[in-house]
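Chemist: Predicted model, plus sequence, below.
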Amino acid sequence: METRTHEPVTELYSGASANYGRGYTFMDAFDADPFSSERQHNLFYPFSSGAEWKFASWLANSGLSMAAIDECLSLDVIKSQRFSFKTAKALRKLIELLPSGPRWKCRSVKTESPTRRALQVFYRDAIECLQHLIHSPSNNGLIHFVPEKIYSAADRTQRIYTDWLTGDRAWELQDALPDGATLLGVVLSSDKTHITQVGNRQAHPLLISLANISADVHRKGSTKSYVLLALLPVPRFVHPNKRLRGVLASRLLHQVISVVVKPLKMAAEVGRMMSDPVGNLKYSHTASKTRQLLIAVKRETRARNLSSYFQACRKRQLNGVASPFWLDWALAEPSSFLTPEVLHHFFKMFWDHDRKWCSRMLGADELDFRFSLLRTCSGYRHFPDGITTLKQTSMRLHREVQRYIVGVVAGGIPQGALTAIRALTDFRYRSQAPKLTDADIAKLTASLQEFHDNKAALMEAGARGSMDHWRIPKLEIMLSVAPSIRSMGALGQWLADVTEHAHIDVIKDPARSGNNQNFDGQICRYLDRQEKCQLFMQATTARYLDLRGDSDDSDPSDGEENTLGSRQVTDYFKRAHALSAGDFPTAPRPYRTFASSTTAFHLASRPKMTNIDVDRAAELYGLPDFKPAMADYLARHHHNLTHTIGGRRRATPDCQLPFDHIQIWSKIRIQSYSSYDLKMLLPSQGLHVSPPTVNWPFGRYDSVIISRDGNKDWLHSGLHGHDVVQLRMIFKPISGSQSLLSNMYYAYVQRFVTTSVDQHAGMHVLKRALRSTGERVGDIIPLFQIRAPAHLIPRFGQKANSQLNSHSSDELSSSFWLNKYWTKELFHACS
């Protein structure tokens, strides 16, 4: 992979998103509250102080029942604080006085056929919800309003696609708007979710978000870029025909959504003045072939004659809905806004099809056995019983299995079938990139074509079982992935797992806090209280900083903890910088956390072995050439030679070292930034380097990629200038006379020889490097030469060795696959 040397060039849509005077900001809305005059004297009114407000906010968001809160407030230690609320009910009354977000409404729903109970819909004004998202301090600086075309270089031959506004569709929609208008992309997500298992109670949330929000934010579940717009009714029709009950439910769904999104339709038609995050007024507009099919059906039969209308619809592959909610929504086109989705179209298809193809070709027992042989990696799922018998699987599990499938089945299925499986996996990985160029889109298109060129081999190997066709809807929809990326931007911003995870916050948690009665109403009240607390916390924090004269313009990523999805990511780069700047003068030296230009390292403050004899350590770790390897390293270091691995061993086993004892660490964490976005900090990866124990009879030694050429940049240069090695010991010499030795950390590593890429598996083949004596090639390197973790899968061949297990498979195998599918970063570097 070539190093990128050109700066991107951006072309903005001229004349878009003009300002039309002064609107209002988040803080303006806070100051317009009826109690704003009280807050000139007490910022936290109706609470008596900031301390009382913090305690009240904690109680309100703790998930405690009202009875539990009453019990807490009745404690003497709490009573002694003389809070202005004595009960949970009084606390809720005070929260009701806080500034509110979009308010909830309720209306009855009329149906064209009787239902078991009366229906109602709880909803909020859609425009107010969009304004709420625009003004949210969490989205400050992360919302954009002008369509743009990004090119990889000044010659403008390669487009770059990331956010929605970088795609062609946003540009086309802007063309349809008046000069100066602002385009707001509306994202709607709707899916039923279970509230209770007993009684089978369900809720049907309708979430709303802005496509103008940065794609990086949309990919993270913790950023709360979606808000609940409505709770749609879940009807139970009494119609005698079960299939037509489904048609009636679909019609009702569109009928209700049409009511809820009516303000958005009006904004799309005539526009709406809205305020941007800094208070500028924007003249905003929210953004069919299918319509022609509906007209043809209506000409044949009346929509009210449900049975005949449904039969006419089936002939044209329609579902019987006469008036879809988007039918009269200007600029709304289903073929554009229904984008491919990673969770269902990629991971679910892999589990339902690719996995079963491999199981049929390889045999379920053999496939399970091979998965059970994979060594446990810190932070990743292990499959001691295989994968074919797993039940109630999640998207995360589907993704975990997909990491290993190509390397696991390689050698055990026909080469053409392996090529097809690998090509489809390549297609999925390439399609999930957060940033794609025209060249990247050409590669993923070629991967999909390669699958189709080789899918006959799957059929010949019996992968499809008794089926003799390829009519798989999820496979067909893959043809629309490349056009969708060019039109709507990267697929990652439309992840359904983010919205499904949001169901926990907006449905399941609120429902659990109630009394199992009138779920919809209680959910709305719970969310209203939470939203008030959140808005009040954001506003009082901003005002408090203003009063102090502090700036709140810092990048949220500057903190010690960054958020990726719902996980907290410790920033070891920042910690290393703080240590090197002398912020922690009492920290042990050399510092346990340090960083190179690309990688951060973190060791435990206390080593596993604090003072062990060199000979004893070499015996414990099974490294008979440890002393000569260290002597050769010191000789190379003395002559300023590159620290490579291999070559003739010059020192003898009885050589003398300038130290007799060392400290040893059994684990290290390494961290880097995303190759797609150099501002995105990735979670650290734990690596184990432990000698044989009862639980790990062959030891636990992870593999890494190290640099052997300082001129080659990892990720952009791929494996060029890098080696794959197995960590065998992490240590630091204990030496008083040689201060340079005792001020660095080292690793003893054993190298793998990297051969060519197998054209069918698409992965590098690795073999253990051996000396003429048959001993493994190992050497000493400074720890900072490590660049990234690596994952190896033994090459099992036609049939895996039945004598192997998950502890021995790595140590007793001599040939491996470098599993590029282990992480997206590794795939990026090795593809």
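Modeler: Yes, it's here.
Chemist: what about the stretch 701-831 of the chain, any weak spots by pLDDT?
Modeler: When residues are selected by pLDDT under 70, those of the stretch 701-831 of the chain lie in 736-740.
Chemist: Pretty sure Tyr13 sits against Glu172.
Modeler: No: using CB atoms under 8 Å, Tyr13 is not in contact with Glu172; the gap is 10.6 Å. (Glycine included, C-beta is placed from N, CA and C.)
Chemist: More neighbours: which of the two?
Modeler: Neighbour count, other CB atoms under 10 Å: between Tyr13 and Glu172, Tyr13 has more, with 17 against 14.
Chemist: Could you measure from the residue lying closest to that one once chain neighbours are set aside over to Gln174?
Modeler: Using CB to CB, 6 or more residues apart in numbering and skipping the chain neighbours, the partner closest in space to Tyr13 is Pro147 (4.3 Å). The gap separating Pro147 from Gln174 is 5 Å, by CB to CB, to the nearest Å.
Chemist: Spit out the contact partners of Trp357.
Modeler: Trp357 makes contact with Ala417, Ile421, Leu458, Ala463, Arg464, according to CB atoms under 8 Å, 6 or more residues apart in numbering.
Chemist: What about the fourth one, how many residues nearby?
Modeler: I take that to be Ala463. So Ala463, with other CB under 10 Å, has 24 neighbours.
Chemist: where do the contact lists of Pro147 and Gln174 overlap?
Modeler: Tyr13, Ala16, Leu183.
Chemist: residues touching the first one, list them.
Modeler: With contact taken as CB under 8 Å, 6+ apart, Tyr13 is in contact with Val146, Pro147, Glu148, Trp171, Gln174.
Chemist: now do the last one
Modeler: Counting by CB under 8 Å, 6+ apart, Leu183 touches Ala16, Ser17, Phe145, Pro147, Ala170, Leu173, Gln174, Leu177, Asn212, Ser284, His285, Ala287.
Chemist: three-state assignment of the second one?
Modeler: The reference is to Ser17. coil (DSSP: H, G, I helix; E, B strand; the rest coil).
Chemist: cool, the one 10 residues further on as well?
Modeler: In three-state terms, and counting by three-state DSSP, Met27 is helix.
Chemist: Use 43 as the first number for this chain going forward.
Modeler: All set: I'll call the first residue 43, so the last point we hit is now Met69.
Chemist: burial count for it?
Modeler: Neighbours of Met69 (other CB under 10 Å): 16.
Chemist: circling back to that earlier point, more neighbours: which of Pro189 and Gln216?
Modeler: Neighbour comparison, Pro189 and Gln216: the larger count goes to Pro189, with 24 against 21 (by other CB under 10 Å).
Chemist: Next, the more buried one: phi, psi?
Modeler: phi -60, psi 150 (degrees, to the nearest 10).
Chemist: I'd say it and Ala58 touch.
Modeler: Yes: assessed by CB under 8 Å, Pro189 is found in contact with Ala58 at 6.3 Å.
Chemist: what do these two both touch?
Modeler: When CB under 8 Å, 6+ apart defines a contact, the residues bordering Pro189 and Ala58 alike are Gln216, Leu225.
Chemist: if we can go back for a sec, redo the contacts of Trp399 as a markdown table? Include secondary structure, pLDDT and distance to Arg287.
Modeler: What follows is these, written out as a markdown table (DSSP: H, G, I helix; E, B strand; the rest coil; pLDDT from 0 to 100; distance: CB to CB, whole Å):
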| residue | secondary structure | pLDDT | distance to Arg287 |
| --- | --- | --- | --- |
| Ala459 | helix | 98 | 43 |
| Ile463 | helix | 98 | 40 |
| Leu500 | helix | 97 | 39 |
| Ala505 | coil | 96 | 37 |
| Arg506 | coil | 95 | 34 |
